[in-house]
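Return atomic coordinates for the entry below.
(4 chains)
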Number of protein chains: 4
Amino acid sequence: MAAIGVDGVTVLGVLGEANRMGERERETVVRSAVEVARGRMSVIVGVSHPGTRATIELGAMADALGADALMVAPSAEPVPSEARVAEYFGRVCAGVSLPVVLQDHPASTGVHMSVPTIARIVADNPGIACVKAEAVPSAAKIEALSAALARPVPMLTGLGALYGQFDLEKGSSGYNTGFAFPEVLQAHLAAWRSGNRALARRIWAHFLPLIVFEQQPGVAVRKEILRRRGLIASAAVRHPGAGLGAGSAAQLTDLLEFTMPGVDIGRPVDVAAIVGA
Amino acid sequence: MAAIGVDGVTVLGVLGEANRMGERERETVVRSAVEVARGRMSVIVGVSHPGTRATIELGAMADALGADALMVAPSAEPVPSEARVAEYFGRVCAGVSLPVVLQDHPASTGVHMSVPTIARIVADNPGIACVKAEAVPSAAKIEALSAALARPVPMLTGLGALYGQFDLEKGSSGYNTGFAFPEVLQAHLAAWRSGNRALARRIWAHFLPLIVFEQQPGVAVRKEILRRRGLIASAAVRHPGAGLGAGSAAQLTDLLEFTMPGVDIGRPVDVAAIVGA
Amino acid sequence: MAAIGVDGVTVLGVLGEANRMGERERETVVRSAVEVARGRMSVIVGVSHPGTRATIELGAMADALGADALMVAPSAEPVPSEARVAEYFGRVCAGVSLPVVLQDHPASTGVHMSVPTIARIVADNPGIACVKAEAVPSAAKIEALSAALARPVPMLTGLGALYGQFDLEKGSSGYNTGFAFPEVLQAHLAAWRSGNRALARRIWAHFLPLIVFEQQPGVAVRKEILRRRGLIASAAVRHPGAGLGAGSAAQLTDLLEFTMPGVDIGRPVDVAAIVGA
Amino acid sequence: MAAIGVDGVTVLGVLGEANRMGERERETVVRSAVEVARGRMSVIVGVSHPGTRATIELGAMADALGADALMVAPSAEPVPSEARVAEYFGRVCAGVSLPVVLQDHPASTGVHMSVPTIARIVADNPGIACVKAEAVPSAAKIEALSAALARPVPMLTGLGALYGQFDLEKGSSGYNTGFAFPEVLQAHLAAWRSGNRALARRIWAHFLPLIVFEQQPGVAVRKEILRRRGLIASAAVRHPGAGLGAGSAAQLTDLLEFTMPGVDIGRPVDVAAIVGA
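Residues are numbered from 1 along each chain as shown, chains lettered A, B, ... in the order given. Have a look, this model is predicted:
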């Protein structure tokens, strides 16, 4: 990530394997990330927890370990209440020193935050530095939030980049999501920002089959690609998560060859060359 | 549909607007479909109902109206039981005369059917003519079912074609899903069946941005495309379903132009020409 | 029901077997209820439907068949929205002539309505005649609604009477729920209204073991009691609903004997005598 | 608990506030419980975790701190699989030294385990010492499990004692659940075991209004009772959990007076005297 010049990374997000780790192991992940990143890119740490105080404590831990920002999503309660969710963010923001990424991802949290609720949370808490917009349809929600936010904050694209192009069109500031070829997302964003919209579309469309394949439930595909890229030593998925079957691994091989014929994925890929720009 | 020569159509499926119609209106839909289709293509009718007897009655209604097959998915019960689900299919198959498409779509039903359960239902009920495989990851499930079914039945691809290419690779027999350009799915399938796998991949990949856009929650995008194609007079979505905002409609315009520049979508599109084959 | 002098009955509610019936059979239920009730008690008909227009059509059908009121609950949508729920009630109330019971039962609908949302719906729609308060904790919600409603409407107790005493203490106007001994609920309410709070508590507490037993998931216990009371000929539960096992039937026998030793349940029971009042 | 002679206590169960605590605070809870309990009663520690290895690590931690047993429930996965759940218990049992309470509580876990699956897990893993039967209808499931288990293990009653009497009738060995008057559950069980079934029923029925009130969502009622009993200093509920409103607190006062008029709840209550035995 540092080698390709990303702005930052998020560790302990919801769709990796953070939920299968104990707290000590999570601390090891944060420590490693900070150590490697220091001076080159920001490290955002996921600290969502069903307890408000525990969220704050995890935030303090991340802070002490050198993190640059926190990612926080609300937890489902027996009796849902948007007012309580707003309270949760208020207390967390008051209790931590680092800037907070408000994550809106109902598919994993079971919590639906309306546009007015998010707008109110952002207005009331200067500590909210950013919204990670993962409530489908995400582009429409980004558009609605853009109109509703009294204080503009960046809105970032997640969901494995599945709606990346559509989100950018409606005001997303960039990516904050898992995809095993982050240089593709970088190139997509760069093309978009440079005003070359046709190229941006071409890049995203070209890699979309891989994006679709990778965003299937579980993290097995992503880990296998990272392994093939030489970035991790093992693609083993933590139990009881499902690993990648032989059939799916063979599909991945075909798909990579279709998407990037003859390309050495062991190094950053040349996106422009691949899409023929 | 008849004009482009599809094998059949499904009406009253789960992700259209059947759930917003009363039974009399549903009968009108079936009657219209049968009348138009007669002699040119099969009509499959969705008849899933939380009551076993009511499912059978809806099946008899569809049969009386001239349908060719039924599509049936199980309903969630307070205490889930795969044995009870098997019983449900057993009774339904015994109670209807038409062949049955077993629909496996946990995202809408909340019912997860294991591979052994589906295999047992297919083995025990000759009336099951087909499985609509919509449990993610669908390609892996199709692969597992292929190995597990004692009696081979076609497995069809749904989920708005999102995983169409991957499903075909693992044994899907074709499409049974909503997409506003069915000629694309036809061309994809034809290329695959002819052994031209490279072309098949190209077709699917080319249209994937549109597939992704259209499969977002709700039916608003699909209806709007059908309207623009001149196939329906109004894209109004039945309340309380969400309609298409102006922003999303503009995105659709851009996306169609990106996918099929200059193409008249008012008639069947020339897929080979579009993908440059 | 008429013989014991209840004010009204609800047919086609959510926790009976309405969801297993087709529309024609539902009409038969309404027709029968109206015919039997005419002149002696009101008939409320459940007409909730995922489609707004279909809800209105079911309401018109109930009206045409002679019903006195409608019971309406919202349906879950892919993207939850309290504003849309309010719209739903607005359109339904505008489209029907009969008074409407707003049913707040998240356990079956998956829709959580906040107190301000319900207050707004009641304020905006004179057709809302009553709220059936089935969101736990129900007594606290009734208390909050009482304070929030600009226009007071009766609030009725459901959930199989599980929280009946607590609801009355906070402002419930009475029962609108399934329990196989409605005379007990009548007696409870009468004692409460007469100001004899000690007696009211005694009645409710005395029958609470039976209330708890009967409110378990499914309708099998209730049907079996009604059968034993001679009120229905068969306790068969519609498939795929679960029937009552032999073990549970034996428990029921013991429980009835414990609750009402020696009492003939084939006729209205003498609640005062049973609780020793 | 020790003073009234219970066999054991469970800490960090699912319906308390364990889910709002960080791991270090959870360790403090375990340490305190073990220290206080030592030599007088067993301490069971809830160690369920979405990661199999993390569950084992939490189990090792509890073991090192002196716990006597572990309570383990499975976690919901994107693609549910009873085979995977069985694997989870297999690995956990192989990885820990302490006996394991298998907790079957779908309302909190979202995981439904069929009777054959539980029977297989118990058969395959000698480390499973007990089943906590919290899948409704619990009495019927206990009855079915009793018939299906090749190796008999105790089955314990949870769910706040709501179905306590019914569970005992079908084979429950006793209570393992939260209720602010554990001496009542003791007395109930003792009466049942002594063969005095009439007394057992009377005890349970007498306290059922309180059981129903206390088992409402959240832990606020229980904490308030414990505070009034002088067992905890504060009834504050950890945010974002809901606290007890003034209205509900007043209801509790009335309910306690109705259930135990004039009784000093600051000490163990005399259950026999209260029910007039």
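
does any part of the longest helix along chain A sit near chain D?
Ranked by residue count, the top helix of chain A under DSSP state H comes out as helix A:197-214. No: with Cβ under 8 Å from any Cβ of the partner chain as the criterion, chain D is not reached by helix A:197-214; the gap is at least 14.5 Å. Where you see a C-beta, it was placed from the backbone N, CA and C, and this is true even at glycine.

what helices or strands is that helix leaning on?
Counting contacts by 3 or more Cβ pairs under 8 Å, 6 or more residues apart in numbering or on different chains; DSSP states H and E, helix A:197-214 is packed against helix A:164-169, helix A:182-193, helix A:220-228, helix A:246-259, helix A:271-275, helix B:197-214.

near chain D, which residues of the stretch 101-250 of chain A?
Residues of the stretch 101-250 of chain A lying near chain D (Cβ under 8 Å from any Cβ): A:217-218, A:238-242.

again, only this time at 10 Å
Contact residues, the stretch 101-250 of chain A versus chain D (Cβ under 10 Å from any Cβ of the partner chain): A:107-108, A:216-218, A:238-242.

Pipe the residues you listed into a markdown table and attach distance to residue B:14 and neighbour count per row.
Shown next, in a markdown table, are these (distance: Cβ to Cβ, whole Å; neighbours: other Cβ atoms under 10 Å in any protein chain shown):
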| residue | distance to residue B:14 | neighbour count |
| --- | --- | --- |
| A:107 | 19 | 12 |
| A:108 | 23 | 15 |
| A:216 | 20 | 21 |
| A:217 | 19 | 14 |
| A:218 | 24 | 20 |
| A:238 | 34 | 18 |
| A:239 | 33 | 17 |
| A:240 | 29 | 19 |
| A:241 | 28 | 21 |
| A:242 | 25 | 19 |
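
just those residues now: which is nearest chain C?
Using Cβ to the nearest Cβ, residue A:107 is the member of those that lies nearest chain C, at 10.8 Å.

Find me the pLDDT at that closest one, would you?
We have a pLDDT of 95 for residue A:107.

Next: residue A:16.
87.

Now do the buried residues in the longest helix of chain A.
Buried residues in helix A:197-214, defined by neighbour count with 16 or more other Cβ atoms under 10 Å in any protein chain shown: A:199-214.

Buried deepest among the helices and strands packed on helix A:197-214, which one?
With neighbours defined as mean count of other Cβ atoms under 10 Å in any protein chain shown, the helices and strands packed on helix A:197-214 peak in mean count at helix A:164-169, which reaches a mean of 26.

Starting from that helix, tell me the next helix or strand along the chain.
strand A:174-175 (DSSP states H and E).

returning to that earlier point: and residue D:145, which of the helices and strands packed on helix A:197-214 is closest to it?
Closest to residue D:145 of the helices and strands packed on helix A:197-214, according to Cβ to Cβ: helix A:220-228, at 34.1 Å.

can you count the residues close to residue A:117?
Neighbouring residues of residue A:117 were enumerated by other Cβ atoms under 10 Å in any protein chain shown; the total is 18.

pretty sure it is touching residue A:82, no?
Yes: counting by Cβ atoms under 10 Å, residue A:117 does reach residue A:82; the two are 4.5 Å apart.

Format the helices and strands packed on helix A:197-214 as JSON lines; extra columns: mean pLDDT and distance to residue D:23.
Compiled in JSON lines, these are given as follows (pLDDT from 0 to 100; distance: least, Cβ to Cβ, whole Å):
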{"stretch": "helix A:164-169", "mean pLDDT": "98", "distance to residue D:23": "36"}
{"stretch": "helix A:182-193", "mean pLDDT": "98", "distance to residue D:23": "31"}
{"stretch": "helix A:220-228", "mean pLDDT": "97", "distance to residue D:23": "25"}
{"stretch": "helix A:246-259", "mean pLDDT": "98", "distance to residue D:23": "34"}
{"stretch": "helix A:271-275", "mean pLDDT": "97", "distance to residue D:23": "42"}
{"stretch": "helix B:197-214", "mean pLDDT": "98", "distance to residue D:23": "40"}
